[in-house]
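Undergrad: prediction below, plus the sequence it came from.
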Amino acid sequence: MVRLKADPNAGGVSYKGKEYPVVKGFIEVPDEAAGELLGFGWGFTLARSQPAPDADQKQPGEEAALEGKGKK
């Protein structure tokens, strides 16, 4: 399976009779389907191996670094 970033207007794809939905902007499809989706210019691109963290979520160690700022 390959994880792709979907076009913002895509709701999903059907490949060999099976539906693959777009979830939170990403889709997982079989390797051979990914080749077709990437090759036809439908707005799909390879995704990073892990989703990027949400901007409002703190990263490990970030809280401690922020606590030290502004203190004298």
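TA: Sure, I can see it. This one's a predicted model, so the numbers in the text were calculated from it and none came from an experiment.

Undergrad: which strands and helices sit next to the longest helix seen in the chain?
TA: Ordering each helix of the chain by length in residues (DSSP state H) puts helix 31-39 first. Using 3 or more Cβ pairs under 8 Å, 6 or more residues apart in numbering; DSSP states H and E, the elements in contact with helix 31-39 are strand 2-5, strand 12-15, strand 45-46. Heads up, the C-betas are built off the backbone N, CA and C, glycines and all.

Undergrad: could you give me the average pLDDT of that helix?
TA: Helix 31-39 shows a mean pLDDT of 89.

Undergrad: stretch 2-18 now?
TA: pLDDT averaged over stretch 2-18 gives 92.

Undergrad: just the residues contacting it, thanks.
TA: 19-22, 25-31, 33-34, 36-38, 42-47, 49 (Cβ atoms under 8 Å, 6 or more residues apart in numbering).

Undergrad: now, of these, which are buried?
TA: 20, 22, 27, 29, 33-34, 37, 44, 47 (16 or more other Cβ atoms under 10 Å).
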